[in-house]
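Undergrad: I'd like to go over a predicted model; first the sequence, then the structure.
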Amino acid sequence: MSALEILWPVLILAFILVGIHTIFGLEIIRRGVIFTDLAVGQIAAVGIALSSAFFEGKYQVPLSLGFALSGAMLIAYATQNSRHIEAFIGLLYALGASSVMIVLSAGSEGDELFKRLMANDILFVMNDEILKAAGIYSVIALLYYVIYPKLSGFLKELFFFALLSVMVTTSVPLAGVLVVFTLLIAPALVALLQMRIKPILFGWGYGWFFVSLALVLSYHYDWPTGYSIVFVGTLITLVSVLWLEKRRL
């Protein structure tokens with residue numbers, strides 16, 4: 001079996017993930033709340049940890065969605081009422097991470113599950129999971145482009161963070177918190193620094209490039225897939241940001 005035959009399902013999933021996360025990443029960077037996704041993803045992971053530790057994996061979706069929406073509403077409120085929003089979001093992330101570790105410490109597979117929550121091996125995602133995620137992301141994108149621009153004030157903030165929490169709740173079980181954060185921030189950041197191509201188009205192309213490269217390296221060198229995406233994406237993006245910033249001086 002060729003590499004393409006093995007990798008094509010995960011390539012399709014990665015392209016879908018890059019597509020939806022770049023849309024939200026551009027908005028998050030413009031808002032200056034970079035760590036929002038990381039915090040919401042970590043809070044959603046508390047629900048997944050509770051499901052694994054106490055309910056044998058049942059009720060994962062309602063638990064993780066409930067925690068993610070609670071975190072998103074807190075951030076939406078703090079965005080309009082806190083003078084130090086990034087500090088607030090950072091503390092929320094620390095709360096989520098410590099909660100996950102405390103919950104998982106009760107089980108014998110806690111360390112392994114924590115690693116999967118951070119960066120899951122998306123090589124083993126099933127086709128029906130990819131189709132389900134694609135359907136959810138399509139609805140989220142439709143609501144973002146049709147409903148979100150018509151809202152204002154706190155309702156607009158709440159709607160944005162609610163959509164973000166649903167997206168993160170769908171993405172974290174598939175790819176892990178760190179992969180989701182990388183796909184959200186890395187393509188959008190480089191896309192906003194370059195000046196020649198429309199940001200959304202550049203972000204999609206850039207994200208698809210580094211994800212494809214990471215998957216090929218993971219396949220050939222037997223690296224863990226999720227952490228390969230994080231490593232390649234963050235490394236190329238850090239170099240790209242320094243180069244683009246230097247050209248603007």
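TA: Looks like it arrived, so ask away.

Undergrad: tell me the helix or strand right after the lowest-mean-pLDDT helix or strand in the chain.
TA: Counting by mean pLDDT, DSSP states H and E, the weakest-scoring helix or strand in the chain turns out to be helix 110-118, with a mean of 69. Next along the chain after helix 110-118, taking DSSP states H and E as the criterion, comes helix 127-146.

Undergrad: buried residues of that next one, list them for me.
TA: For helix 127-146, burial by neighbour count (16 or more other CB atoms under 10 Å) applies to 129-130, 133, 136-137, 140-141, 144. No exception for glycine: its C-beta is placed from N, CA and C like everyone else's.

Undergrad: so how far is it off the chain centroid?
TA: 14 Å (CA atoms, centre = their mean, to the nearest Å).

Undergrad: show me what it is packed up against.
TA: Packing partners of helix 127-146 (3 or more CB pairs under 8 Å, 6 or more residues apart in numbering; DSSP states H and E): helix 3-31, helix 153-175.

Undergrad: quick revisit: and of the buried residues of helix 127-146, the nearest to residue 220?
TA: For the buried residues of helix 127-146, the closest approach to residue 220 (CB to CB) belongs to residue 130, at 23.0 Å.

Undergrad: surely that closest one touches residue 16?
TA: Yes: Residue 130 is within contact range of residue 16, at 7.2 Å (criterion: CB atoms under 8 Å).

Undergrad: nearest spatial neighbour of the most centrally placed residue in the chain, skipping sequence neighbours?
TA: Geometric centre of the chain, nearest residue: residue 180, 2.3 Å, by CA atoms, centre = their mean. Nearest in space to residue 180, with sequence neighbours left out and distances taken as CB to CB, 6 or more residues apart in numbering, is residue 171 at 4.6 Å.

Undergrad: report how many residues lie close to that neighbour.
TA: Neighbours of residue 171 under the rule other CB atoms under 10 Å: 27.

Undergrad: who's in contact with it?
TA: In this structure, residue 171 makes contact with 17, 21, 41, 133, 180, judged by CB atoms under 8 Å, 6 or more residues apart in numbering.

Undergrad: separation between it and residue 157?
TA: Distance of residue 171 to residue 157, given as CB to CB, to the nearest Å: 21 Å.

Undergrad: and stretch 194-206, what's buried?
TA: Residues of stretch 194-206 classed as buried by neighbour count (16+ other CB under 10 Å): 199-200, 202-204, 206.

Undergrad: my bad, stretch 69-79
TA: Here stretch 69-79 shows 69-72, 74-76, 78-79 as buried, counting by 16+ other CB under 10 Å.

Undergrad: ok, residues contacting that stretch?
TA: With CB under 8 Å, 6+ apart as the test, stretch 69-79 has contacts from 31, 33, 36, 39-40, 43-44, 85, 88-89, 92, 96, 154, 157-158, 160-162, 164-165.
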